[in-house]
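Novice: Just the structure for this:
(2 chains)
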Amino acid sequence: MIRITEPAWQVMVDHAQRQYPNECCGAMLGVVRPETVDGEPSTVKEIARAVPLENAYQGAQEDRYEIRPMDLLKTEREAREAGLELIGIYHSHPDCDAYFSKTDLENSCPWYSFVVLSIKSGVFDHANSFLPNAEQTHAEPERLLSPATRPV
Amino acid sequence: MAKVSIPTPLRQFTEQKDTVEFAGSTVGEVLGGLTTEFAGLRQHLFNDEGKLRSFVNVYLNDEDIRYLEKTDTAVKDGDTITIIPSIAGGR
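Specialist: Residues are numbered from 1 along each chain as shown, chains lettered A, B, ... in the order given. Take a look at the predicted model:
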């Protein structure tokens, strides 16, 4: 399960709305800890901070994003210095739903949670989180708790 | 010996170490030593054919080895090898 705190959530939504009609992308930093959820022992990824990153895709960014590896490395180093971990990646889908597309899957990495934010007519609509596999053939929905989400 | 910087999600396979050191004359040899010592890493870095997974980028001193000699890139004492995932997508 991934839980996004209000300050991180606000950064993500603001970033996604600001970049509309283009896709935005960024990193989610936080801690992973065991917790009891609905009476069951669970591992919770709590996102304390969101870091907007530049969409480095060379081309139309309405339907594509790319993160520079060195930007990700820098972010990971900063996370470590702050006592946090790089837990996930977020990006937006302008004017379409928050699903994990074929392009998302084929360019994913199984080491992180992927949160997709749907932005419709410039305004946040809903979000979902996914866990892609190493073969980049399937992404499992991940339970997402945020200040405003529909259940996965 | 070359230093290898391990991304956070993979540190569970390296006894939580963020940097480990291995000998080798090429990047491939160093990564071979790494995945022999920490066997759990292998499936995360390499596919069943023994090739680096498509989302795994390897940098030698901040240079992408794809633009050098790939895993045959020569390594010197004190070099740093960094593993960074490649991430992109779109609706």
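
Novice: and the helix-or-strand element of chain A with minimal mean pLDDT, which residues are buried?
Specialist: Sorted by mean pLDDT, DSSP states H and E, the helices and strands of chain A end with helix A:69-81, the least confident at a mean of 91. Using 16 or more other C-beta atoms under 10 Å in any protein chain shown as the test for burial, helix A:69-81 gives A:69, A:71-73, A:75-76, A:79. (Glycine included, C-beta is placed from N, CA and C.)

Novice: which of those come close to chain B?
Specialist: When contact is defined as C-beta under 8 Å from any C-beta of the partner chain, the buried residues of helix A:69-81 meet chain B at A:69, A:72-73, A:76, A:79.

Novice: from those residues, which is closest to residue B:65?
Specialist: For these, the minimum distance to residue B:65 (C-beta to C-beta) is 11.9 Å, reached by residue A:69.

Novice: what's the closest non-adjacent residue to the closest one?
Specialist: residue B:84 (4.2 Å; C-beta to C-beta, 6 or more residues apart in numbering or on different chains).

Novice: can you pull the contacts of that neighbour?
Specialist: By C-beta atoms under 8 Å, 6 or more residues apart in numbering or on different chains, residue B:84 lies in contact with A:69-70, A:72-73, B:7, B:57-59.

Novice: try 7 Å this time
Specialist: Listed by C-beta atoms under 7 Å, 6 or more residues apart in numbering or on different chains, the contact partners of residue B:84 are A:69, A:72-73, B:7, B:57, B:59.

Novice: Name whatever forms a beta bridge with the most centrally placed residue in chain A.
Specialist: Nearest residue to the geometric centre of chain A (C-alpha atoms, centre = their mean): residue A:90, 2.2 Å. Residues found in beta-bridge contact with residue A:90 (criterion: DSSP bridges) are residue A:26, residue A:115.

Novice: The nearest residue to residue B:55 once chain neighbours are set aside - how many residues pack around it?
Specialist: Closest residue to residue B:55 in three dimensions, ignoring its sequence neighbours and counting by C-beta to C-beta, 6+ apart: residue A:109, at 4.3 Å. When neighbours are counted by other C-beta atoms under 10 Å in any protein chain shown, residue A:109 registers 24.

Novice: how close does residue A:109 sit to residue A:37?
Specialist: Per C-beta to C-beta, to the nearest Å, residue A:109 is found 26 Å from residue A:37.

Novice: Could you give the separation of the least confident helix or strand of chain A from the chain centroid?
Specialist: 16 Å (C-alpha atoms, centre = their mean, to the nearest Å).

Novice: repeat for stretch B:29-43
Specialist: For stretch B:29-43 - counting by C-alpha atoms, centre = their mean - the centre lies 9 Å from the chain centre.

Novice: ends of it, how far apart?
Specialist: Length of stretch B:29-43, first residue to last, C-alpha to C-alpha, to the nearest Å: 17 Å.

Novice: Can you give me the buried ones in it?
Specialist: Going by 16+ other C-beta under 10 Å, stretch B:29-43 has these buried residues: B:29-35, B:38, B:41.

Novice: Out of those, the closest to residue A:117 would be?
Specialist: residue B:41 (31.9 Å).

Novice: check contacts around that closest one.
Specialist: Counting by C-beta under 7 Å, 6+ apart, the residues that residue B:41 touches are B:10, B:13-14, B:34-35.

Novice: go with 6 Å
Specialist: Neighbouring residues of residue B:41 by C-beta atoms under 6 Å, 6 or more residues apart in numbering or on different chains: B:13, B:35.
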